[in-house]
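**Q** Turn this into a structure:
(chains A, B, C and D)
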Number of protein chains: 2
Amino acid sequence: MSSRAPLSKPTSARPRLLDAATRLVREKGFAATSVDDLCADAGVTKGAFFHHFASKEALGVAAADHWAATTSALFAKAAYHAPADPLDRVFAYLDFRAELIAGDVAEFTCLVGTMVQEVHESSPAIRAACDASITGHAETLVADIAEALADHRVEAINPRSLALHTQAVLQGGFILAKARNDPMIARQSVAYLKHYVALLCGVPVPGGEAK
Amino acid sequence: MSSRAPLSKPTSARPRLLDAATRLVREKGFAATSVDDLCADAGVTKGAFFHHFASKEALGVAAADHWAATTSALFAKAAYHAPADPLDRVFAYLDFRAELIAGDVAEFTCLVGTMVQEVHESSPAIRAACDASITGHAETLVADIAEALADHRVEAINPRSLALHTQAVLQGGFILAKARNDPMIARQSVAYLKHYVALLCGVPVPGGEAK
DNA sequence: GACAACATACCAACTGGTCGGTATGTTTTG
DNA sequence: CAAAACATACCGACCAGTTGGTATGTTGTC
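**A** Numbering: from 1, shown residues only, chains lettered A, B, ... in the order given. Below is the predicted model of the structure:
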C-alpha cells in the first residue's frame, strides 16, 4: 500500500501525524477529526499534511497500518508468551488484555475498531486496513489456541474462529465501556471469556472467578 | 424530555426524521450524516428539522430513545419468552439474536452502539441515551438469567453482569462483521456465548455446536 | 357561532464558519 | 543545485443553524 520509505528524521511530520491520528481518532472518531485538528495536534501545517498523505482517507489507511505495526510489536514482546503450557499462554494473553484496560477510555480502546465502525461502507481501503489489523492480531493467537485445545481433547472448536471471538469480546467490551463510561465491564467480559476457555478445556479458571 | 403531544398526523416530519436517522447513522455514522442528508432522506426541509429538534445533538438523543422504544417492543413480543424453563428462554433469546444477524450489515447492527462509539466524549446527552438503551435491554434478560443460574446451582456469577456480557459479545460481533464485511463472525460469537452458558449450567448445548 | 388571539407545522433563502484539498511559494538536506 | 520537506494563502463546497415568513388548525371570549 505504501512504498514511502520511512528514512526521514524521527521528528518529521509523518510519524507525528500518525501519532496525532491514533490519539484524536480514538477520542472523537474519524469523521469528527478534521485535517486541521490533526495538523494542530501534530504541530505541522496543512501543506505538510498533504505532502505526506494524498488525502484524509490515505492517512486513515496509514494510521491503521501504523496501529497494526505498533500493537503487534507490543504483543510480540509481552510476557504472556513465556509459559510452557499452551493453555497457560492463552490465559496469560487474556490476563494481559485485561491489564491493558485501565485509565481513560480513549487510552485503552482500539483505533481500528473505532475507525472501521464509521467508514466500513464509505471507505473500502480503510475497512480493509482495519480488517487486516484485527484479523492479523487474531492470527497470532491461533497456534496457542490450537495447541491448548488439542492438549485437552477439544475437537469441536475451530481455533481460528475462537481467536476471532476473543477479538469480538474485546471490541464489544470497549463499546460498553464507552457507553457506561467505565472500563470495568470490558475487563469483566474478558473474565467471562477466560472462564469459557477454562470450562472448554476442563480446567479450573486460574486466579479466582467471582463476577 | 418532550412534552410535545403526538397528536399530529402520523406522516409528520418528526417520525420520518427519526427513521431516516436510524437508517443513515447505521450506514455512515453520526458525524458523517449531515442534517441535510437526514432532511433529504426524510423528504422534509431544514426548517422542519429545526422546528422539531433544537440541534443535531437533540436529534441524536431522540433517535437513541426511539431506538430503545422500537427494539424493546420488538423483543417484548418475540417468541423467546415462551419456554417454561428459564435456561431455555436464555438459549431462545440467543437463537433469536443470531437469527436477526442476516442481510446487509447496516440492517442488523445496533444504532446506539454505533453512535456511542463516536460521541461518547463529545456528547454526554447522547452517550447517556445510548447507555440507557443498552443497559435497559440487558436488564430485561436479568430475571431469566438469574432463574437459570439458580436452577443449575451456579452461584459465582452475577446475573446482571452476565446480561451485560451478552450485549458486549453482540456489539463486538457487529464490529467484526463490519471489519470483515461478513455477518458470519457475529453469529459465531453468539454461538460461543451460547456454548458458554451451556457449559456454565452443565447442560448440552441445544442445536449442535460445530464451530 | 363568530371572531380575535394564539399555537403548531412547516418552508425557502440565507449566514458565518469549517471542511478537505490545492497552488505557489520558501527552507532544508544530501 | 536539485529534490525533498515543509509553509502560507487561498478555494469552492458543505456544514449546522437562523431568519422571516405562510398555511392550518385550536382555543378562549362575547
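**Q** For chain A, what lies in contact range of DNA strand C?
**A** Applying the criterion C-beta under 7 Å from any atom of the strand, the portion of chain A that neighbours DNA strand C consists of A:9, A:33-37, A:46-47, A:50, A:55-57. Yep, even glycine has a C-beta here, placed from its N, CA and C like the rest.
**Q** Mind checking which of the residues you listed are buried?
**A** Buried subset of those (neighbour count, 16 or more other C-beta atoms under 10 Å in any protein chain shown): A:33, A:37, A:56-57.
**Q** where in chain A is pLDDT low?
**A** Within chain A, the segments meeting pLDDT under 70 span A:1-11, A:208-211.
**Q** show me where it has helices.
**A** For chain A, helices defined by DSSP state H occupy the ranges A:13-28, A:35-42, A:46-52, A:56-76, A:86-100, A:105-108, A:111-119, A:124-151, A:159-180, A:184-201.
**Q** Would you format the ones you listed as CSV with distance to residue B:171 included?
**A** Written out in CSV, the entries for the helices of chain A read as follows (distance: least, C-beta to C-beta, whole Å):
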stretch, distance to residue B:171
helix A:13-28, 17
helix A:35-42, 27
helix A:46-52, 33
helix A:56-76, 20
helix A:86-100, 17
helix A:105-108, 15
helix A:111-119, 10
helix A:124-151, 14
helix A:159-180, 4
helix A:184-201, 10
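**Q** nearest to residue B:26, of the ones you listed?
**A** Between residue B:26 and these, the tightest spacing by C-beta to C-beta is seen for helix A:111-119, at 10.2 Å.
**Q** That closest one and chain B, any residue contact?
**A** Yes: under the criterion of C-beta under 8 Å from any C-beta of the partner chain, chain B is reached by helix A:111-119 at A:112-114, A:116-119.
**Q** Quick check: buried residues in stretch A:166-184?
**A** Buried-residue list, stretch A:166-184, by 16+ other C-beta under 10 Å: A:166-180, A:183.
**Q** ok, so of the residues of chain A next to DNA strand C, who is nearest residue B:123?
**A** Comparing those against residue B:123 with C-beta to C-beta picks out residue A:33 as the nearest, at 15.2 Å.
**Q** Does residue A:165 touch residue B:192 like I think?
**A** Yes: with the criterion set as C-beta atoms under 8 Å, residue A:165 and residue B:192 qualify as a contacting pair; they are 4.8 Å apart.
**Q** So if I had to pick from the two, which one is more boxed in?
**A** For residue A:165 against residue B:192, the residue with the higher neighbour count under other C-beta atoms under 10 Å in any protein chain shown is residue A:165, and the figures read 29 against 23.
**Q** Tell me how many other residues crowd residue A:19.
**A** Around residue A:19 there are 16 other residues, counting by other C-beta under 10 Å.
**Q** wait, what's in contact with it?
**A** Residues touching residue A:19, when contacts are defined by C-beta atoms under 8 Å, 6 or more residues apart in numbering or on different chains, comprise residue A:42.
**Q** With residue A:85 instead?
**A** Residue A:85 sits in contact with A:148, A:151, where contact means C-beta under 8 Å, 6+ apart.
**Q** again with residue A:136
**A** Taking C-beta under 8 Å, 6+ apart as the definition, contacts of residue A:136 comprise A:68, A:72.
**Q** The residue in chain A that chain B sits nearest to: what's its closest spatial neighbour, skipping adjacent residues?
**A** With C-beta to the nearest C-beta as the measure, residue A:172 is the residue of chain A nearest to chain B, at 2.7 Å. Distances taken as C-beta to C-beta, 6 or more residues apart in numbering or on different chains put residue B:172 closest to residue A:172, at 2.7 Å, once the chain neighbours are dropped.
**Q** Same question for residue A:22.
**A** Distance criterion C-beta to C-beta, 6+ apart; nearest residue to residue A:22, sequence neighbours excluded, is residue A:111 at 5.6 Å.
**Q** Pick out the residue closest to the middle of chain A.
**A** Nearest to the centroid of the C-alpha atoms of chain A, with distances taken as C-alpha atoms, centre = their mean, sits residue A:110, at 4.6 Å.
**Q** and it, how far is that from residue A:138?
**A** Between residue A:110 and residue A:138 the distance is 12 Å, computed by C-beta to C-beta, to the nearest Å.
**Q** And DNA strand D, is stretch A:104-118 touching that?
**A** No: counting by C-beta under 7 Å from any atom of the strand, DNA strand D has no neighbours in stretch A:104-118; the shortest distance is 14.2 Å.
**Q** Sweet, I'm off.
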